[in-house]
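Undergrad: Next come a sequence and a model predicted from it.
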Amino acid sequence: MIRTVITGVTGRMGSTLLRLARDAEDLRVVGATERPGSTTVGLDAGLAARLGAMEVPVVDDLGKALDAAKADVVVDFTSAEVSVAHAKLCAARGVALVVGSTGFTPESTAALAESAKTIPVVAAPNMSVGVNVVFRMAAELARVLGQGFDVEVLEAHHRMKKDAPSGTALRLAEVLAGALGRSNEDLTFARHGMVGARPASEIGVQTLRGGDVVGEHTVFFFGEGERIELTHRATSRDQFGLGALRAARWVVGRAPGLYDMADVLGFQRTA
Ligand SMILES: NC(=O)C1=CN([C@@H]2O[C@H](COP(=O)(O)OP(=O)(O)OC[C@H]3O[C@@H](n4cnc5c(N)ncnc54)[C@H](OP(=O)(O)O)[C@@H]3O)[C@@H](O)[C@H]2O)C=CC1
Ligand SMILES: O=C(O)C1=N[C@H](C(=O)O)C[C@H](O)C1
């Protein structure tokens, strides 16, 4: 049994992970956390997440959850800032970590990497197998098509999403820049006003927000007289959750380090 702690258990991903972990034969949920001050603190996690009783209380601090129950791994989909704090708590106790949060800055990425010197951490902006295949396909298309096509990334998410562009769109843009021999300097986020003609080296990243869209990403390769569109549409959060639990199984017992979903899936890294 892999003893698993889930953070942010009443969130969209936290509750999905709690249900999937509860239903997995090889995992046991031994801890659950929520934001300090949340009205769910002290409640049964299963009830708080509307799943039915699980006899695991919601606590308001990951350190307390880890001190109360011996854990093998923490699965964390909260926010970049909270995940960095959670990584420090895991590092202090030698517990492996899976991070799905997005919105990382260079500074918060460096802080996560610091904790990953002590414990194994899998961090990826998208844990679905399909999206990780799209990363590879996007890199391959960019290499094959070369410089003659204008490349743009479009993402759409539900109205509650806080960060923009999505972590997946950012990763796609970085993958494309790498495959085309360009840099992050070539990324353009949205356009407004007299921006002038599009520079050939530009990689545009555009964001849509609305309704209950789970997550959609398209890479456009605009050519002369033709275009290619590579699209992934998530219609359920379960694929993110199943990917994260796959990462949790993989990361327990690994050497310290900052791993990506590509490592979990046995793919070559694209960025
Ligand atoms: N890698 C991937 O495959 C995917 C990544 N994501 C990312 O995961 C993150 C979460 O997304 P989503 O589930 O939609 O967001 P939600 O806002 O629904 O869930 C986040 C949860 O974390 C809670 N939380 C906040 N602070 C703490 C804390 N200190 N300790 C414990 N819990 C805390 C929030 O509580 P409160 O609301 O009270 O603040 C909330 O319940 C985002 O960064 C998103 O982009 C999402 C889907 C897939
Ligand atoms: O916040 C979300 O919902 C999602 N976030 C991730 C991202 O920012 O890329 C992944 C997924 O598309 C859903």
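TA: On my side now, so go ahead. Ligands and ions are numbered 1, 2, ... in the order given.
Undergrad: For the stretch 151-271 of the chain, list the residues in contact with ligand 2, please.
TA: Proximity of the stretch 151-271 of the chain to ligand 2, by Cβ under 6 Å from any ligand atom, involves residues H157, K161, S166, G167, T168, G215. Where C-beta positions appear, they are placed from N, C-alpha and C, glycine not excepted.
Undergrad: List the contacts of the residue in the stretch 101-250 of the chain that ligand 2 sits nearest to.
TA: In the stretch 101-250 of the chain, the residue that lies nearest ligand 2 is G215 (2.8 Å; Cβ to the nearest ligand atom). Contact analysis of G215 by Cβ atoms under 8 Å, 6 or more residues apart in numbering lists N126, E155, A156, H157, S166, T168, H232, R233, A234, F240.
Undergrad: switch the cut-off to 10 Å
TA: 126, 128, 131, 155-158, 161, 166, 168-169, 232-237, 239-240 (Cβ atoms under 10 Å, 6 or more residues apart in numbering).
Undergrad: Just the buried ones from these?
TA: Using 16 or more other Cβ atoms under 10 Å as the burial test, the contacts of G215 include 126, 128, 131, 155-157, 161, 166, 168-169, 232, 234, 237, 239-240 as buried.
Undergrad: Sort out for me which of the contacts of G215 are in helices.
TA: In helices, judged by DSSP state H, the following of these are found: V131, T168, A169, Q239, F240.
Undergrad: Out of these, which is nearest to M13?
TA: F240 (6.4 Å; Cβ to Cβ).
Undergrad: Help me confirm that that closest one comes into contact with F77.
TA: Yes - with contact defined as Cβ atoms under 10 Å, F240 counts as touching F77 (8.0 Å).
Undergrad: tell me, what's touching the two both at once?
TA: With Cβ under 10 Å, 6+ apart, F240 and F77 have common neighbours R12, M13, T16, L17, G100, M127.
Undergrad: which of the contacts of G215 come close to ligand 1?
TA: Among the contacts of G215, ligand 1 is touched by N126, F240 when using Cβ under 6 Å from any ligand atom.
Undergrad: hey, what's the residue of the stretch 101-250 of the chain closest to ligand 2 bridged with?
TA: Beta bridges link G215 to A234, judged by DSSP bridges.
Undergrad: ok, it to V131 distance?
TA: Separation of G215 from V131 (Cβ to Cβ, to the nearest Å): 8 Å.
Undergrad: Also D61?
TA: Taken as Cβ to Cβ, the span from D61 to V131 is 32 Å.
Undergrad: And whichever strand or helix holds R143, what's buried?
TA: In this assignment (DSSP states H and E), R143 forms part of helix 129-145. Buried residues in helix 129-145, counted by 16+ other Cβ under 10 Å: V129, V131, N132, V134, F135, R136, A138, A139, L141, A142.
Undergrad: Output these as a markdown table; include the columns distance to A85.
TA: Formatted as a markdown table, these follow (distance: Cβ to Cβ, whole Å):
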| residue | distance to A85 |
| --- | --- |
| V129 | 29 |
| V131 | 26 |
| N132 | 27 |
| V134 | 31 |
| F135 | 28 |
| R136 | 32 |
| A138 | 32 |
| A139 | 33 |
| L141 | 38 |
| A142 | 36 |
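Undergrad: Mind putting those residues into CSV with pLDDT and distance to D44?
TA: Formatted as CSV, the buried residues of helix 129-145 follow (pLDDT from 0 to 100; distance: Cβ to Cβ, whole Å):
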residue, pLDDT, distance to D44
V129, 97, 32
V131, 98, 33
N132, 97, 34
V134, 98, 38
F135, 98, 38
R136, 97, 42
A138, 98, 43
A139, 97, 45
L141, 97, 48
A142, 97, 49
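Undergrad: Pick out whichever of those sits closest to ligand 1.
TA: Within the buried residues of helix 129-145, the smallest distance to ligand 1 is 7.6 Å, found for V131 (Cβ to the nearest ligand atom).
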